[in-house]
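Chemist: here's a sequence, model it:
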Amino acid sequence: MVPDSALNLAAARDGANRRAAPEQPVGWVRTMTEAKIIKETAKALGLSSLLPEVYNDLLSPAARELGEGLATIAKAVKISLAPIEATVWGYEKVREWLSVRVTCILADRKATDITAPPLSVSGPLTLQMVFSSEEPDLREMYANLLASAMDVRTASGAHPSFVTLIQQLTADEAKIISYIASLGKDWPGWQGQVDAASGSEKNLWEKMTRLCTNAKIAHSEKAEIYIENLLRLRLLRHDTSAEAKYQPEGGDDYGTWGPHIITDEYEFIELTAYGRAFINACVPDNSTQP
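Modeler: Now for the predicted structure:
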């Protein structure tokens, strides 16, 4: 049996040790490990080791879950995003290309008609051009919009919303709009019969698919998606109509019928006034194409 004096001495020593070395807060080791992992992750991403606090907050949950594996993920992300650095144009490149292209577009105008474009168009347009280095069809639309905004005769038609509209187009959709413009019609439209069988000449969406094919799009399987997006952007309009016809009494081999009304339902897609304004301001004239 241990004497009471020995127990008292051990307790006194234990208390002294606790006073000499304060107890570390719960989670202290985990927090220090997180900080190291976040620093290594930042290094793998090519970022400064002194990250803003918001980045630390974003990375902390992943650091706790993945540990040192987070830096490996970061390296893969950096490699995957590397092409962005090569494809994003700098301002100087944008200014240089726009200067040359807009000069070509405005070559047949009077110098006295050329004016500074409104910043509501030129500002966001320049920013969006940064991401269009590999999209020549979209670049052309941006350049034509800027040229329209710089000609006193057409500046009023260069709506600022056209900048963000171009941003929401794919290269194929730009080709479709350009093809519609090339048809030479003020208000082009296409009509079909509601519920017409697939493959039928009366099927509206078959006609729209052929339109996209004629526009030489790269991904014909996405034709319907492209048309839906142009409808969403209000460049095109989809509507239905009905036509009532009087059918007199008659008969055939299957029986007879009395006089009645037959209703034929149609659907159509047509260019909107907004779409016409967009074409006028943004779609390149073939004579100015490079």
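Chemist: burial count for the spatially closest residue to Asp172 that is not a sequence neighbour?
Modeler: Closest residue to Asp172 apart from its sequence neighbours, by Cβ to Cβ, 6 or more residues apart in numbering: Ile217 at 4.0 Å. The C-beta positions use only the backbone N, C-alpha and C, and glycine is treated the same way. Ile217 sits with 21 neighbouring residues when counted by other Cβ atoms under 10 Å.
Chemist: got it, and Leu233?
Modeler: Leu233: 19 surrounding residues under other Cβ under 10 Å.
Chemist: and the pLDDT for it?
Modeler: pLDDT, Leu233: 97.
Chemist: mind checking how far the nearest residue to it once chain neighbours are set aside is from Leu125?
Modeler: Spatial nearest neighbour of Leu233, chain neighbours left out: Leu165 (5.9 Å); criterion: Cβ to Cβ, 6+ apart. Relative to Leu125, Leu165 is positioned 11 Å away (Cβ to Cβ, to the nearest Å).
Chemist: go on, Thr103?
Modeler: From Thr103 across to Leu125, the span is 16 Å (Cβ to Cβ).
Chemist: equivalent analysis for Gln168, please.
Modeler: 14 Å.
Chemist: what about those two, which has more around it?
Modeler: Between Gln168 and Leu125, Leu125 has the larger neighbour count (other Cβ under 10 Å), namely 26 against 10.
Chemist: in this structure that one contacts Tyr142, no?
Modeler: Yes: Leu125 is in contact with Tyr142 according to Cβ atoms under 8 Å; the separation is 5.6 Å.
Chemist: which residues do those two both contact?
Modeler: Residues within reach of Leu125 and of Tyr142 at once, by Cβ atoms under 8 Å, 6 or more residues apart in numbering, are Val163.
Chemist: and the contacts of the helix or strand hosting Asn144?
Modeler: When secondary structure is defined by DSSP states H and E, Asn144 falls within helix 136-150. The contact list for helix 136-150 (Cβ under 8 Å, 6+ apart) reads 97-98, 101-102, 105-106, 114-118, 121-122, 125, 128-129, 132-133, 154-155, 157-158, 162-163, 166, 169, 171, 174-175, 178, 280-285, 289.
Chemist: name the SS class of the residue nearest to Leu233, please.
Modeler: Under DSSP: H, G, I helix; E, B strand; the rest coil, the three-state class of Leu165 is helix.
Chemist: please report how far it lies from Leu235.
Modeler: 8 Å.
Chemist: out of these two, which sits in the more crowded spot?
Modeler: Counted by other Cβ under 10 Å, Leu165 and Leu235 do not tie: Leu235 has more neighbours, with 22 against 19.
Chemist: roughly how far apart are the more buried one and Thr256?
Modeler: Leu235 sits 50 Å away from Thr256, going by Cβ to Cβ.
Chemist: just Leu165 next, same as before
Modeler: According to Cβ to Cβ, Leu165 and Thr256 sit 57 Å apart.
Chemist: ditto for Trp89
Modeler: 74 Å.
Chemist: quick one: which of these two has more around it?
Modeler: When neighbours are counted by other Cβ under 10 Å, Trp89 and Thr256 differ, and Trp89 comes out ahead with 18 against 8.
Chemist: what about the nearest residue to Asp186 once chain neighbours are set aside, how many residues close to it?
Modeler: Excluding its sequence neighbours, the residue lying closest to Asp186 (Cβ to Cβ, 6+ apart) is Arg276, at 7.2 Å. Counted with other Cβ under 10 Å, residues neighbouring Arg276 total 17.
Chemist: and the pLDDT at Arg276?
Modeler: Note on Arg276: pLDDT of 96.
Chemist: please, where are all the strands along the stretch 101-250 of the chain?
Modeler: Taking DSSP state E, counting those that start in this stretch as the test, the strands found in the stretch 101-250 of the chain are 189-193, 236-247, 250-252.
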